[in-house]
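**Q** take this sequence and fold it.
(chains A and B)
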Protein chains: 2
Amino acid sequence: MDFAAIKDELAKILSKDKLLTEELDLMYYSYDSSFFTQMEPSVPQAVVFPTSTEEVQKVVRFAYENNINIIPRGAGTGETGGCIAVNGGIVLDLSKWDEIVEIDARNMQVIVRPGVIHARLNEELSPFNLFFPPDPGSSQMCTIGGMVANNASGLRAVKYGTTEQYVLGLEVVTPTGDIIYTGGMQARCIKNVSGLNLTKLMIGSEGVLGIITQIRLRCWPKPKARGIAMAVFDQLDDAPATVLDVYKAGILPSGIEILDSSAIKAVNEFKPEINLPNCEAILLFEVDGNPPSVDYEGRQIKEIADRRARSVEWATDPQRMAQLWEGRSVTASAASRVRADGTRVFAGEDVSVPLSKVADTLRAIRALGEKYGIQVVNYGHIGDGNVHTAPVINPEIPAEVERVMKLVDEIHHLAIAMQGSTTGEHGVGVVRRPYAKQEHGQAVEYMQKTKAAFDPKGIMNPGKLF
Amino acid sequence: MDFAAIKDELAKILSKDKLLTEELDLMYYSYDSSFFTQMEPSVPQAVVFPTSTEEVQKVVRFAYENNINIIPRGAGTGETGGCIAVNGGIVLDLSKWDEIVEIDARNMQVIVRPGVIHARLNEELSPFNLFFPPDPGSSQMCTIGGMVANNASGLRAVKYGTTEQYVLGLEVVTPTGDIIYTGGMQARCIKNVSGLNLTKLMIGSEGVLGIITQIRLRCWPKPKARGIAMAVFDQLDDAPATVLDVYKAGILPSGIEILDSSAIKAVNEFKPEINLPNCEAILLFEVDGNPPSVDYEGRQIKEIADRRARSVEWATDPQRMAQLWEGRSVTASAASRVRADGTRVFAGEDVSVPLSKVADTLRAIRALGEKYGIQVVNYGHIGDGNVHTAPVINPEIPAEVERVMKLVDEIHHLAIAMQGSTTGEHGVGVVRRPYAKQEHGQAVEYMQKTKAAFDPKGIMNPGKLF
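**A** Next up, the predicted model:
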């Protein structure tokens, strides 16, 4: 079907304000936050903004009948090209469909449409003393639909797990245009082991199995107290060793973050008043819970970290906590500024390795940076081995681009060699497809078979995942 | 293929001690703990005891080539007929394959073969200060493979979730005889969002997608302290209202159990010295964590429960905790003895409803018991709305059997009408298949498509789930 015909048909399905077909508008949908789409943007044929399940169904049925690709999109904050029409097609922008359908506080649940922004959801849950624990860095922008599609997480995964732990049920428009309900058609229960777990299969499926149009989430009671510990280490290996000792003591902090020497340097250059100590690694522990528990665990963490650290500070005063955390808060921004003529690119930014291999991995990434003459800044969620690497380059210089691509490729192979994964929380999208076979072996065939069972024509977000 | 030929071929694949073909031996495999198999046992053609992935693969390949059904089985503690050869075939008994392959304490993980008994796993993890939190009532008997296949849970799901939260990766022999690794071929990382989540798809799939031959589990640090509160209520509705208030206070106990008046009566008749107060409902709260946290939450729970309860007791002394918990411990046994000529049957025993509907559900189940003249005992995991109902009948009396089947059918429809599920943790197996369509609607078709993608000949545990 040619472009004009697609446009005409979509105009019959959706009102004018829910359809973009002008090239200038479409350009905006040619990239996400990935370096890949910065280098190779792909303009879709059309963008639609459905705000009902029926509208989604109509668009999908039209696409299915005419073999047109469908690419679901949330806020476009992804770093993998996952929401980009790499093979052309219609982008379904779900970010405007942001209804909180119901807060069912008696059952500690909330039902939302896919476009609800993460930060807003937690604001709305707050008066009920509830919260949705996963906390991606993009909280102010990212949508719950996108979080489910990518099984997003963030700082608090150590204690609270990832998005999947909270999804009780989904409404999904399948690639053939059926509307199905996972987790029970009308269910509001917490526990349910009836049938194959299609809910969990959909989570992290990056839009290749269908369009998520409604989400039923379990919420948790909001913890009442919080504390932050900062520990400063002269030896990199002492950081993961301390993390393990904290676990061994029976403590599960809500977050454990690391800044290595590259991140510390970047932060201090970016904002000298933060003045992080010059050292090999800084650990930040966040502890939450009831007040006596937080005090107790804070004291224990300080005692454990003191065995190896140059210094440890524990704070429960909100202002002091914010100060201690500030270095971590600005790391991503700081990484972008380590070179006057460079910028941080999102590529190879999300490896996950076993805790026992974090120090070796960070050293190896720094060595790879030197090998390729690319500055890298390392930080991340050390508590679960999820390391964020920020390579900083001038994307206008082709030689640098070429070198960074080689660097990133080596980082991904390194992660697998370290018994890790190329992606701990950001997903595969387009950019990590080449590693699927190496990570998963023959299991990839079963992923493909599952995909084909849902999407016989292969129209749903093609070119992604595997 | 006829019986003699199957026997001959299996004898070529497996040594003599790993194969049962005598009818007397096979009889043992014709039932599990379900009332259904008590009434309708199904004898398999053969039973095999593979203890290596290669042996499993050889058996599965043989079965696949010859269109013979394969039925995986753990300890046979299931209550749904899930491990029974209802359409004939070869039972794969995995209970003897009980190797703990590795306790990787540095990465808080353990790798096991499917036959490891739950209680033993936690004993072996204990010296490392680690534990695997899900805690089914059948802990002393059930296997980790069975727990994964059924997504088992138990008392602690309130705080710790179900088995699926802890499974990081699986080795699976597929119905066509491939060996695949979910969660990464060699991975030891905690976070991994690469590819479709086949790990989670396998969990709770009740053996219809393949044979689980190895399991990589995440463990948690063992909590140091524990406390028990018992609250006695004169009004049934006050029990769930109290549970909700505890949640609202930001407390997530490790378990919240209920005994309604039927269970209290059964316990007191079974063991008069326990002497539970005569009342409408008893709640038992288990709290764990660090010592000051447990003390604080225990005091809070007492304060909250005191608003509605006739009496509340909070204990941290181990002996007193055991006394308070004893009523709950013996409930299942007590239910079997409420009638001298009767026994408790496992049918309709596992509904899950929203917390807001627990009281109505319990009342409705009691009324149904009266309607059909069947004594029922109700108890269960009220914290997550999972109610265990024990109908007590004399299975020798056909009229009672007929009435109990009607009762159970109504209980299952009731659960769905209450926006719940027919099964919170025990699974579907054979007995709850008739409700799949009502619970899941068209999603069942997608479960079937997924099954067909894995198992094109339909040989893997047929007659189960949907």
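
**Q** neighbours of residue A:452, just the number please.
**A** A count of neighbours around residue A:452, defined by other C-beta atoms under 10 Å in any protein chain shown, yields 13. C-beta here means a position set from N, CA and C on the backbone, and glycine is covered the same way.

**Q** can you map out the strands along the stretch 301-450 of chain A?
**A** In the stretch 301-450 of chain A, the strands defined using DSSP state E, counting those that start in this stretch lie at A:311-315, A:343-344, A:351-352, A:375-381, A:386-393.

**Q** what helices or strands is the fourth one leaning on?
**A** Going back to what we said before, that points to strand A:375-381. strand A:255-260, helix A:261-270, helix A:318-335, helix A:358-372, strand A:386-393 (3 or more C-beta pairs under 8 Å, 6 or more residues apart in numbering or on different chains; DSSP states H and E).

**Q** alpha carbons of it, as CSV, please.
**A** Extracted C-alpha coordinates of strand A:375-381, given in CSV (Å, rounded to 0.1, in the frame of the first residue of the first chain):
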residue,chain,number,x,y,z
GLN,A,375,36.9,8.5,27.3
VAL,A,376,34.4,6.4,29.3
VAL,A,377,32.5,7.2,32.5
ASN,A,378,31.3,4.3,34.6
TYR,A,379,28.6,4.3,37.2
GLY,A,380,25.5,2.2,38.0
HIS,A,381,23.6,-0.1,40.1
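
**Q** any idea how far it is from the chain center?
**A** Chain-centre distance of strand A:375-381: 16 Å, with C-alpha atoms, centre = their mean, to the nearest Å.

**Q** got it, and the longest one?
**A** In terms of C-alpha atoms, centre = their mean, the centre of strand A:386-393 is found 14 Å from the chain centre.

**Q** partners of that strand in the sheet?
**A** Next to strand A:386-393 in the sheet, as set by DSSP bridges, lie strand A:343-344 (antiparallel), strand A:351-352 (antiparallel), strand A:375-381 (antiparallel).

**Q** just name the most buried of the ones you listed.
**A** Most buried of the strands paired with strand A:386-393, by mean neighbour count (mean count of other C-beta atoms under 10 Å in any protein chain shown): strand A:351-352, with a mean of 28.

**Q** contacts for it?
**A** Strand A:351-352 is contacted by residues A:361, A:384-387, A:389, A:411-412, A:414-415, A:418, A:420-425, B:189-192 when judged by C-beta atoms under 8 Å, 6 or more residues apart in numbering or on different chains.

**Q** same check, this time on stretch A:275-284
**A** By C-beta under 8 Å, 6+ apart, stretch A:275-284 touches A:228-236, A:238-239, A:242-243, A:255-261, A:264, A:267-268, A:305, A:309-311, A:324-325, A:327-328, A:382.

**Q** and the contacts of strand A:351-352, which of them are buried?
**A** A:361, A:384-387, A:389, A:411-412, A:414-415, A:418, A:420-425, B:189-192 (16 or more other C-beta atoms under 10 Å in any protein chain shown).

**Q** can you flag which of those residues belong to helices?
**A** A:361, A:411, A:412, A:414, A:415 (DSSP state H).

**Q** what would these look like in TSV with pLDDT and distance to residue A:12?
**A** Formatted as TSV, those follow (pLDDT from 0 to 100; distance: C-beta to C-beta, whole Å):
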residue	pLDDT	distance to residue A:12
A:361	98	53
A:411	98	48
A:412	98	45
A:414	98	51
A:415	98	48
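
**Q** nearest to chain B among those residues?
**A** For these, the minimum distance to chain B (C-beta to the nearest C-beta) is 8.3 Å, reached by residue A:415.

**Q** next, work out how far apart the residue nearest to the closest one when sequence neighbours are not counted and residue A:362 are.
**A** Spatial nearest neighbour of residue A:415, excluding adjacent residues (C-beta to C-beta, 6 or more residues apart in numbering or on different chains): residue A:351 at 3.7 Å. Plainly put, residue A:351 is 10 Å away from residue A:362 if you go by C-beta to C-beta, to the nearest Å.

**Q** return the backbone torsion pair for residue A:81.
**A** phi 70, psi 10 (degrees, to the nearest 10).

**Q** before we move on, the earlier item: just the buried ones out of the contacts of stretch A:275-284, please.
**A** Buried among those by 16+ other C-beta under 10 Å: A:228-233, A:236, A:238-239, A:242-243, A:255-261, A:264, A:267-268, A:305, A:309, A:324-325, A:327-328, A:382.

**Q** near chain B, which residues of the stretch 1-150 of chain A show up?
**A** With C-beta under 8 Å from any C-beta of the partner chain as the criterion, the stretch 1-150 of chain A comes near chain B at residues A:104, A:106, A:107, A:108, A:129, A:150.

**Q** switch the cut-off to 10 Å
**A** Counting by C-beta under 10 Å from any C-beta of the partner chain, the positions of the stretch 1-150 of chain A adjacent to chain B are A:104, A:105, A:106, A:107, A:108, A:109, A:128, A:129, A:130, A:150.

**Q** for the fifth one, which non-adjacent residue is spatially closest?
**A** Translated: residue A:108. In space, residue A:108 is closest to residue A:219, 5.2 Å off (C-beta to C-beta, 6+ apart).

**Q** okay then, goodbye and thanks.
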